[in-house]
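> A structural model of the following input is requested.
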Amino acid sequence: MSYPMLEAAPRQWPLPQGALKGRARLYEDGVFPTPDGRARFVNVSYKPVAEPRSARYPFSLTTGRLRDQWHGMSRTGTLGRLFGHVSEPVIALNPQDMRRKSLNNGDLVQVNNQRGSILVPVQSSEEVALNQAFLAMHWGEEFLSGSSATGERLTGVNALTSPVYCADSKQPEFKHTAVRVTKADMPWNLLAVAWVSDDTVLASRQALQGLMREFAFASCVPFSDGAAAPHARSGLLFRAAREEAPSDAVLNRLEALLQLDGSDILRYADKKRGQRRAIRRGENETDGEPQTLLTGFLLAGDTRAQSWITTLLKESLPAQAYGRALLQPGSTPPVPVVSRGHQVCACFNVTDVAIQAHLKSCDGPLADRMASLQATLKCGTNCGSCVPQLQGLVRLSQGSVLASV
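Numbers count the residues shown, from 1 in each chain. The predicted structure follows:
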């Protein structure tokens with residue numbers, strides 16, 4: 001293969017030297033890379049998982065990749081726009097298991113087995129079977145960490161995974177381990193989100209990772225406004241929890257790394273109740289009208305306002321109507337915040353709201369709806385990783401039309 005060939009069109013591997021077209025089927029000539037050219041089969045007996053579920057560890061934890069991420073995220077994990085689909089570390093449980101254990105989305109749970117323990121938020125998912133749990137393999141200590149009761153730094157998902165591997169294939173048994181999941185009691189919470197200048201974002205993120213050990217649970221992830229380079233903005237999100245508020249020195253350091261320490265920062269603090277807020281605003285002009293935008297914030301103690309305040313910041317929505325509410329506790333904004341939707345296509349930054357709006361104007365068979373969607377919004381026409389989700393949205397839209405008829 002050559003770069004001009006790849007730029008012209010996708011190529012299928014393997015593509016032998018001098019060929020213009022790859023092989024559609026591997027080993028279709030019946031020749032295998034062995035001394036005599038014949039295939040080798042290994043006849044092995046079935047072996048059960050090394051760590052079956054038990055009364056002590058009743059959940060089967062499986063790991064796997066996220067749609068837009070790759071392996072340890074040493075490359076993809078530096079691009080904020082690739083966190084649009086799954087923005088933070090979570091462990092997924094079946095809705096019935098969530099109800100049985102009295103868990104709500106976003107609750108912090110302790111996941112442990114005989115090797116280790118981690119703290120992570122929980123999320124309901126119909127894609128996970130009963131008595132199973134899913135935690136993406138990417139969430140290592142760079143993104144998900146904290147400190148144990150003995151002061152030892154937590155190491156993300158690999159604190160739980162098994163070192164057992166197949167003697168024949170040498171494939172590790174990362175996909176299954178038995179764990180216990182219990183609700184964690186961490187009354188003090190923190191969320192800090194801010195746009196950070198491109199020339200300091202990597203250094204700020206590394207410094208924030210160093211602060212993770214100050215909390216029982218901490219996660220640190222980048223995010224983006226979804227725009228294509230070189231116009232994309234970079235941001236950092238730091239979430240943490242512990243039994244009580246940390247020292248002012250830790251919070252001051254956190255604010256400084258997210259550029260929330262200037263004289264123009266709006267502040268509220270109630271040390272007795274462990275409450276603290278810092279708000280950074282900026283000015284922009286839209287259609288000739290000046291707009292006040294939220295560019296950074298820290299919520300400590302009471303984080304119930306996180307959903308609408310985070311939406312204001314990430315989607316660069318006008319913030320002048322919210323005034324003092326940005327510094328007040330509570331989960332309800334004084335003026336409703338209308339989100340532009342959840343990202344579906346990372347390549348072209350297309351949200352579910354935009355997709356659903358377009359599908360309302362479409363009719364005909366599923367293939368025609370999908371073709372119209374891709375031709376108009378371009379989603380699913382580049383890397384293709386969002387195509388299964390798009391197909392699901394198209395099927396749902398057709399079902400809605402039939403129901404209304």
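> show me what contacts residue 228?
Neighbouring residues of residue 228 by C-beta atoms under 8 Å, 6 or more residues apart in numbering: residue 349. To be clear about C-beta, it is placed using only N, CA and C from the backbone, and glycine gets the same treatment.
> how about the secondary structure of it?
Under the three-state scheme (DSSP: H, G, I helix; E, B strand; the rest coil), residue 228 adopts coil.
> if I look at it, how far off is residue 305?
31 Å (C-beta to C-beta, to the nearest Å).
> one more: residue 28?
60 Å.
> between these two, who's got more neighbours?
Taking neighbours as other C-beta atoms under 10 Å, residue 28 and residue 305 compare with residue 305 leading, 23 against 8.
> and residue 182, what element?
In this assignment (DSSP states H and E), residue 182 forms part of strand 177-183.
> what strands flank that strand, and is each parallel or antiparallel?
strand 59-62 (antiparallel), strand 108-112 (antiparallel) (DSSP bridges).
> now do the strands in the stretch 201-350 of the chain.
Along the stretch 201-350 of the chain, the segments classed as strands by DSSP state E, counting those that start in this stretch run 217-224, 234-242, 266-270, 275-286, 289-301, 343-345, 350-351.
> now the ones you listed in TSV, with mean neighbour count, mean pLDDT and distance to residue 132?
Listed next are the strands of the stretch 201-350 of the chain as TSV, based on neighbours: other C-beta atoms under 10 Å; pLDDT from 0 to 100; distance: least, C-beta to C-beta, whole Å:
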stretch	mean neighbour count	mean pLDDT	distance to residue 132
strand 217-224	24	95	22
strand 234-242	22	96	25
strand 266-270	14	92	42
strand 275-286	16	87	38
strand 289-301	19	91	33
strand 343-345	25	93	25
strand 350-351	22	94	29
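> between those, which gets nearest to residue 326?
Nearest to residue 326, of all the strands of the stretch 201-350 of the chain, is strand 275-286, at 4.9 Å by C-beta to C-beta.
> what's that closest one packed up against?
strand 266-270, strand 289-301 (3 or more C-beta pairs under 8 Å, 6 or more residues apart in numbering; DSSP states H and E).
> tabulate the ones you listed (JSON lines), appending distance to residue 209.
JSON lines is the format used below for the helices and strands packed on strand 275-286 (distance: least, C-beta to C-beta, whole Å):
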{"stretch": "strand 266-270", "distance to residue 209": "25"}
{"stretch": "strand 289-301", "distance to residue 209": "17"}
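> what's the burial count for residue 55?
So residue 55, with other C-beta under 10 Å, has 6 neighbours.
> what is the burial count for residue 128?
Residue 128: 21 neighbours (other C-beta under 10 Å).
> contacting residues for it?
Residues near residue 128 by C-beta under 8 Å, 6+ apart: 92-94, 134.
> sketch out the helices for the stretch 1-150 of the chain, chain order is fine.
3-8, 95-100 (DSSP state H, counting those that start in this stretch).
> thanks a lot, see you next time.
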